[in-house]
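> need a 3D model of the following:
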Amino acid sequence: MELWNVYKMIKQRSTRNPDDCAMAEMTSICGLMFRSRQNARSLIVAINRIINLEVRLAPQLKRYGQTMKAAVRSGNYSLEVPYVVAHLIKEAPKNYGDIYVLSAIGKPGQVKIGATTMSLSKRCYMYETKDGYPVQIEKSMRVATPFKLEKAVQKLAILSRVRGNANGDSIEPALFTEIGLWRLRAPESAVNSSC
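Below you'll find the model as predicted:
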């Protein structure tokens, strides 16, 4: 069992239900399982906490705790984090990189706010190879913790996002006026928070 896939589902539920404390705590527990690379015994303790929290979920929601527990007990599980998101889990306090705003000619007004520790030209090449159309960096800034800053800026920009315009590619369905986009600033407390 890929425990990462369960973590993603639990985290998505929590994001959709920001006032549900049980879901938030389950997300936190799962995230810690990946950040601390726990052994099987510690995983069982964490999963038991998830099982106890699942009691508080709405009856129609699927529970994952017992399945996770069985997988860990049998040794048939993986704590591997997919390469494309591993940097989000492992970001060091001074992991210098760039935060950027990326656009594409075929998607006027839509941009991707992203972060990377690789070169910006390599990051653009990766988007172009995956999505099949040219992209360009509109603005970028070198920062100490690019992925935390990216998350903080995305939280500030959430009201400006437009859902349902993506076709499975990497340009996120975000619609900003140019003036509004360049005014986005993440307060230092948001960047340095543990969120």
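> find the nearest non-adjacent residue to residue 27, please.
Distances taken as Cβ to Cβ, 6 or more residues apart in numbering place residue 14 nearest to residue 27, at 4.3 Å, with adjacent residues excluded. In short, each C-beta sits where N, CA and C put it, glycine included.
> quick check: that neighbour vs residue 134, distance?
36 Å (Cβ to Cβ, to the nearest Å).
> who has more neighbours, the two?
Higher neighbour count among residue 14 and residue 134: residue 14, with 19 against 11, using other Cβ atoms under 10 Å.
> contacting residues around the more buried one?
20, 23, 24, 26, 27 (Cβ atoms under 8 Å, 6 or more residues apart in numbering).
> let's go with 7 Å and repeat that
Residue 14 sits next to 20, 23, 24, 27 when contact means Cβ atoms under 7 Å, 6 or more residues apart in numbering.
> sorry, back to before: now the phi/psi pair for the residue nearest to residue 27, please.
As for residue 14, its main-chain torsions (degrees, to the nearest 10) stand at phi -60, psi -40.
> between the two ends of stretch 131-145, how far is it?
One end of stretch 131-145 to the other measures 27 Å (Cα to Cα, to the nearest Å).
> can you pull the buried residues of that stretch?
Residues 131, 135, 140, 143, 145 are the ones in stretch 131-145 that count as buried (16 or more other Cβ atoms under 10 Å).
> secondary structure element for residue 10?
Per DSSP states H and E: residue 10 is located in helix 3-16.
> what mean pLDDT would you report for that helix?
Mean per-residue pLDDT for helix 3-16: 90.
> doesn't residue 28 lie inside a helix?
Yes - checked against DSSP: H, G, I helix; E, B strand; the rest coil, residue 28 lies within a helix.
> what distance separates the helix holding residue 10 from the centre of its chain?
10 Å (Cα atoms, centre = their mean, to the nearest Å).
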